[in-house]
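Trainee: What would the 3D arrangement of this be:
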Amino acid sequence: MPSKEAVLTTKAPPPLPFFTQAIKFQGLVYCSGSIGVDPATSEFVKGGVADRTRQCLQNLAEVLEAAGSSIDNCVQVKVFLTDMVNFAAMNKVYAEFFHKDPKPVRTCVAVYQLPLGTDVEIEAIAHQGEILAKL
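Mentor: Reported below is the predicted structural model:
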């Protein structure tokens, strides 16, 4: 029976006790939602939604690296915003990270609230490249 493996890195904010940063399973990496917290300070980065989007994606990139993957291997991304007025600012930063084709499939939704009062949260699924090819 296939087993799942937890991923943990100190280069991204630690997860709450209820979940892990990511799970590796059958050549894929399933990342928990990332918020714009700086792992060095454990505080939200200052600025606007663009700054927090950048930190979310940097955190996800670190988790994916720890899992033996990368942000370039993302196959699906889900973005949660508390206000769609922030869509353009988020999208501009998102394009800095996801500029290679094929880009991952993506969903972006507006939600009423997000953890700790943040305005953006991003989760992702990525493949592990060579590991997936061996399955």
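
Trainee: Check which element follows the longest helix seen in the chain along the chain.
Mentor: The residue-count maximum for a helix in the chain (DSSP state H) belongs to helix 49-66. Later in the chain than helix 49-66, the nearest helix or strand by DSSP states H and E is strand 74-81.

Trainee: what angle sits between the helix or strand just after that next one and helix 49-66?
Mentor: Counting by DSSP H and E, the next helix or strand C-terminal to strand 74-81 is helix 87-97. Helix 87-97 runs at 30 degrees relative to helix 49-66, counting by axes from the mean of the first three to the mean of the last three Cα atoms, to 10 degrees.

Trainee: Enumerate the positions of helix 87-97 that are buried.
Mentor: By 16 or more other Cβ atoms under 10 Å, the buried positions in helix 87-97 come out as 89, 90, 93, 94, 97. Backbone N, C-alpha and C define where each C-beta goes, glycine included.

Trainee: contacting residues around the residue nearest to residue 54 when sequence neighbours are not counted?
Mentor: Once flanking residues are discounted, residue 54 sits nearest to residue 93: 5.0 Å by Cβ to Cβ, 6 or more residues apart in numbering. With Cβ atoms under 8 Å, 6 or more residues apart in numbering as the criterion, the residues that contact residue 93 are 50, 53, 54, 57.

Trainee: what does the model give residue 93 for pLDDT?
Mentor: We have a pLDDT of 98 for residue 93.

Trainee: Now do the contacts for the closest residue to residue 50 other than its chain neighbours.
Mentor: The shortest distance from residue 50 to any non-neighbouring residue, by Cβ to Cβ, 6+ apart, is to residue 89 (4.5 Å). For residue 89, the contact set (Cβ under 8 Å, 6+ apart) comprises 48, 49, 50, 53.

Trainee: Could you rerun that using 10 Å?
Mentor: When contacts are counted by Cβ atoms under 10 Å, 6 or more residues apart in numbering, residue 89 touches 48, 49, 50, 51, 52, 53, 81, 119, 120.

Trainee: With residue 36 instead?
Mentor: By Cβ under 10 Å, 6+ apart, the neighbours of residue 36 are 13, 43-47, 49-59, 116, 118-122.
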